[in-house]
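> I'd like to go over a predicted model; first the sequence, then the structure.
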Amino acid sequence: MNLDDIRKHIDDIDGQLLDLLSSRADLVHQVGEVKKRDGLQIYAPEREEALLRRLIERNKGRLPEKSIRAIYREIMSAALALEDDLKIAYLGPEGSWTHQAAIKKFGHSVDYTPLPNFSEVFDQVARRRADYGVVPIENSTEGAVNHTLDLFVDSPLQICAQILLRIENCLMADVPREQIKSLYSHPQALAQCRGWILKHFPKADLVEVSSTTRAAQLAKENVADGAAAIGSPAAAEMYGLTVLEESIQDRATNTTRFLVIGEKTCPPTGKDRTSLLFAIHDRPGSLVRALQAFDQFHINMSKIESRPSKRKDWEYIFYVDLSGHCEDPVVKGGIEELEKHCSMVKLLGSYPDAGE
Ligand SMILES: O=C(O)C(=O)C[C@]1(C(=O)O)C=C[C@@H](O)C=C1
């Protein structure tokens, strides 16, 4: 077949795809009506996950899993926008890694609201000015994002999904590499690139700013002082900076886990994760006995963090992630056992343990 013939076939297929997408949109519209009538959540992470898992299993063609996920992300984003004016609040500004995580989960068709800090994200969702919020919870190099952990203690919000995003920081500037005297970035990004900075710019002034996007802006404004920034390629593009080196983080696999917070948690999908908080009595052996609850029920605990309670000095709150859904009888049993040994247990939600 020559090029024109092949393209004719592609045009035919695109026509069929568009007709099918329109039929899908009609059905999605009906789903939206049913959900509004029955007071159900528009965003259904368990359904999205089941749909993606089924398609990836069924796929026998050339498209890799990554492409199928990306294509369907946008199809379902369009569906969400058809069903409702979905508003997603995130830790801004635009171009931040959190913004990119939010787009990875909700696609380009929904509305996004950048907010200046974590508390505002929690607050806007709790006041229903936004439907969902996206906040970072931990980074594979730098560990927990403490402020997010702390906000869960008093928040009525639940976790309904997680997002894993590979963080590849780049060096960006409007000056040649030899003229760089200062490096602007968010403290997390500077920490993720600590080794690289020491090796390549041991004498540079490190300037901590509120976000990597702000760092890019400052690098643009302070060209005369030899300013450069470390952050996302999206931030470099926003401010017209040249990417001088890509992927400069010390660990190639540097990944941040983000959470989607909303009014309700997510129903079981068969492969889930549960997050909870607990506080123990100040007695010998309390923590051991609390954790034994999980061992007794053979529950895999994939994460534990401790944070000062902020109510009494030297009193702690523990943040734990478990494999399984809180409706699974085993997880339920483990949590009931945990409650016997704790002064407080707060379930933060169960959500698909998606590895994307
Ligand atoms: O099945 C639903 O609940 C829908 O709203 C439809 C749909 C989809 O496009 O398939 C869209 C958004 C939801 O998050 C999940 C799935």
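Sure, I can see it. Numbers count the residues shown, from 1 in each chain.

> contacts and neighbour counts: CA atoms only from here.
OK.

> pull the contacting residues for Ser140.
Residues near Ser140 by Cα atoms under 8 Å, 6 or more residues apart in numbering: 254-256.

> how much space separates it from Met238?
As judged by Cα to Cα, to the nearest Å, Ser140 and Met238 stand 27 Å apart.

> what residue in the stretch 51-200 of the chain comes nearest to the ligand?
Met76 (3.9 Å; Cα to the nearest ligand atom).

> same deal with the stretch 251-356 of the chain?
Cys266 (10.9 Å).

> assumed that residue was part of a helix.
No: residue assignment for Cys266, taken from DSSP: H, G, I helix; E, B strand; the rest coil, gives coil, which places it outside any helix.

> list the contacts of it.
So Cys266 contacts 44-46, 159-161, 349-352 (Cα under 8 Å, 6+ apart).

> which SSE is immediately downstream of the helix or strand encompassing Leu171?
For Leu171, the host element (DSSP states H and E) is strand 170-173. Per DSSP H and E, the first helix or strand lying C-terminal to strand 170-173 is strand 182-185.

> helices or strands up against the top helix by length along the chain?
Secondary structure of the chain per DSSP state H: the longest helix is helix 3-38. In terms of contacts (3 or more Cα pairs under 8 Å, 6 or more residues apart in numbering; DSSP states H and E), helix 3-38 is packed against helix 65-83.

> got the angle for the helix it packs on vs helix 3-38?
50 degrees (axes from the mean of the first three to the mean of the last three Cα atoms, to 10 degrees).

> nearest the geometric middle of the chain, what residue?
Closest residue to the average C-alpha location of the chain: Phe258 at 2.5 Å, with Cα atoms, centre = their mean.

> Leu82 versus that one, what's the distance?
Separation of Phe258 from Leu82 (Cα to Cα) stands at 25 Å.

> now Glu74
12 Å.

> same question, Ala354
25 Å.

> one more: Lys340?
46 Å.

> please apply the same query to Lys203.
Using Cα to Cα, Lys203 is found at 53 Å from Leu82.

> of these two, who's got more company?
Neighbours per residue, other Cα atoms under 10 Å: of Lys203 and Leu82, the larger number sits with Leu82, 17 against 12.

> tell me how many other residues crowd the nearest residue to the more buried one once chain neighbours are set aside.
When the adjacent residues along the chain are set aside, Leu82 lies closest to His29, with 6.5 Å between them (Cα to Cα, 6 or more residues apart in numbering). Using other Cα under 10 Å, His29 has 18 neighbouring residues.
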